[in-house]
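Student: fold the following and give me the result.
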Amino acid sequence: MLIEDHSEIGTPVHCGECISGLACESLDLDLPDHVISKRVHGIRVIFPDGTEKRLTEEGYVLEKHLFERWIADEAVSAGASVHLSHKLSSMKRVENGRFAGWMCDGKGEQFPIQAKIVIDASGVAAVCSKTVKLEQGVPLNTMGKVVAGMQYEMLEVPTDGYLDFYIWPKYAEKGYLWMIPKCDGRANVGLVTEDRPRAKKALDEFIEITHFKELEQVPPPWKEKGNPAFGGTIPISGPFENTHYDGLMLVGDAAGFTSPLFEGGSHLALKSAVYAAETAAAAIAEGDLSAERLAIYPKLWKDEFPPYDKILRGKNALFDLTDEEMSLMARCFPDEMSNMGVSGKAMVGLRLLVRRPGLYFKRIVPAMLAFGYSRAKYYGW
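Tutor: Numbers count the residues shown, from 1 in each chain. Have a look, this model is predicted:
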């Protein structure tokens, strides 16, 4: 059973709407044509002085609301039921000599619902983490630090089939800006930033000084009224210390699964959902719903996902650099960054230290390596 607190699946959209082809291969995901807005070649990273470097890796820009509806339809085809406008408000343990599931209550005609296992896919709201209490009477987890993401859909945006990621701290503090091309000349132009109160103003300022200035902003197809801007908040504190408990697993943003460099989360969300579903099915078949039985779930994602701590250290080192130092680092990268390998990274490091030896003490090497770590096992963009 899937419960959704909105009146329809897939809206509002909270992300940039892209996923790499390698991610789809990892997920054994055969996307239908109607959810694909545009096939793209990879990303171009643009540094403060305008230096551009490419990371060629074929992939897709989605119509995310249609993609999520397709996922839900696939679940229904496999035997699930979907219930809209159902908002969870409480969960109480069911005991029968041992843990036997959760009694879930909330707003919606299907409640109360007794579930053997609950998988929390509620996004940054992390609903179950805020409702479930441990024996000590404290929340299972508390949401950590978040950043703001905001974007416009714009028309007649020029593109060569690459996603443009601008690392320009002046406008996106400890974040980045983007142009993500879609079909029919449309594109998402947006940013993610730690300066949440200034997010919209910073995005508007960026647009004013770039070639996007004269382009028309329009509401996306799924948004019928209101300001054309759309977005949301993204967790950046990393995976929660606990992502499972008796009869409960957290997936995606609800577990803190986002890439710390570019804050991407679709691949991590989908892969964690696969692991949670497999773990749940096996546990139910064995009749053991305990946290001990579900402990295979965190082992699976920890063995697979990119090294969060290393990427985060690199990201922090990157944003400790001045714009000029960041651009110098970029100029030492090859024009194509997709196949640098160990020797390529060593050569970049050597160039950096020859041109500016003092950068070694500003942790330039971890900053440089963060770009490679973010693609570990193909979890980059």
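
Student: for residue 228, grab the count of nearby residues.
Tutor: Residues contacting residue 228 under the criterion other CB atoms under 10 Å number 14. The way it works is simple: take the backbone N, C-alpha and C, and place the C-beta from them, glycine included.

Student: does it touch residue 221 like I think?
Tutor: No: if you go by CB atoms under 8 Å, residue 228 and residue 221 don't touch, sitting 11.7 Å apart.

Student: so how far is stretch 61-68 off the chain centroid?
Tutor: 14 Å (CA atoms, centre = their mean, to the nearest Å).

Student: could you do stretch 96-112 as well?
Tutor: Using CA atoms, centre = their mean, the offset of stretch 96-112 from its chain centre is 30 Å.

Student: which outside residues touch that stretch?
Tutor: Contacting residues not belonging to stretch 96-112 are listed as 1, 3, 83, 85-94, 113-118, 246-248, 289-290 [CB atoms under 8 Å, 6 or more residues apart in numbering].

Student: so which of those belong to strands?
Tutor: 3, 83, 87-94, 113-115, 118, 248 (DSSP state E).

Student: and the furthest pair within those?
Tutor: 83 and 93 (22.5 Å; CB to CB).

Student: where's residue 327, which helix or strand?
Tutor: Following DSSP states H and E, one finds residue 327 within helix 323-332.

Student: hey, which helix or strand in the protein has the poorest pLDDT?
Tutor: Here the helix or strand of the chain ranked lowest by mean pLDDT, DSSP states H and E is helix 364-373, holding a mean of 68.

Student: can I get the longest helix along the chain as PDB, trimmed to CA atoms?
Tutor: Longest helix of the chain, by residue count under DSSP state H: helix 266-286. Coordinates of each C-alpha in helix 266-286 appear next as PDB, following Å, rounded to 0.1, in the frame of the first residue of the first chain:
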ATOM      1  CA  SER A 266      17.200  10.600  -7.400                       C
ATOM      2  CA  HIS A 267      19.600   7.700  -7.900                       C
ATOM      3  CA  LEU A 268      20.200   7.400  -4.200                       C
ATOM      4  CA  ALA A 269      16.500   7.500  -3.400                       C
ATOM      5  CA  LEU A 270      15.600   4.900  -6.000                       C
ATOM      6  CA  LYS A 271      18.500   2.500  -5.100                       C
ATOM      7  CA  SER A 272      17.800   2.800  -1.400                       C
ATOM      8  CA  ALA A 273      14.100   2.000  -2.100                       C
ATOM      9  CA  VAL A 274      15.200  -1.200  -4.000                       C
ATOM     10  CA  TYR A 275      17.200  -2.300  -1.000                       C
ATOM     11  CA  ALA A 276      14.400  -1.500   1.500                       C
ATOM     12  CA  ALA A 277      11.900  -3.400  -0.600                       C
ATOM     13  CA  GLU A 278      14.100  -6.500  -0.900                       C
ATOM     14  CA  THR A 279      14.800  -6.400   2.800                       C
ATOM     15  CA  ALA A 280      11.100  -6.000   3.700                       C
ATOM     16  CA  ALA A 281      10.000  -8.800   1.500                       C
ATOM     17  CA  ALA A 282      12.600 -11.200   3.000                       C
ATOM     18  CA  ALA A 283      11.800 -10.200   6.600                       C
ATOM     19  CA  ILE A 284       8.100 -10.600   6.100                       C
ATOM     20  CA  ALA A 285       8.600 -14.000   4.500                       C
ATOM     21  CA  GLU A 286      10.600 -15.100   7.500                       C
END
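
Student: other SSEs contacting that helix?
Tutor: strand 18-20, helix 21-26, strand 118-120, strand 248-250, helix 291-294, helix 296-304 (3 or more CB pairs under 8 Å, 6 or more residues apart in numbering; DSSP states H and E).

Student: quick one: list the elements packing against the helix or strand hosting residue 189.
Tutor: Per DSSP H and E: residue 189 is located in strand 187-193. Applying 3+ CB pairs under 8 Å, 6+ apart, we find strand 187-193 packed against strand 146-154, strand 176-181, helix 199-208.

Student: of those, which shows the lowest average pLDDT?
Tutor: Per-segment mean pLDDT for the helices and strands packed on strand 187-193 reaches its minimum on strand 146-154, at a mean of 91.

Student: that one packs against which elements?
Tutor: Packed next to strand 146-154, using 3+ CB pairs under 8 Å, 6+ apart, are strand 187-193, helix 199-208, strand 217-218, strand 230-235.

Student: these: which one's closest to residue 319?
Tutor: strand 187-193 (11.3 Å).

Student: alpha carbons of the closest one, as PDB, please.
Tutor: Taking Å, rounded to 0.1, in the frame of the first residue of the first chain, the C-alpha atoms of strand 187-193 are listed here in PDB:
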ATOM      1  CA  ALA A 187      15.000  24.600 -19.500                       C
ATOM      2  CA  ASN A 188      15.100  24.700 -15.700                       C
ATOM      3  CA  VAL A 189      17.400  27.500 -14.500                       C
ATOM      4  CA  GLY A 190      18.000  27.400 -10.800                       C
ATOM      5  CA  LEU A 191      20.300  27.200  -7.800                       C
ATOM      6  CA  VAL A 192      20.900  25.500  -4.500                       C
ATOM      7  CA  THR A 193      22.400  27.500  -1.700                       C
END
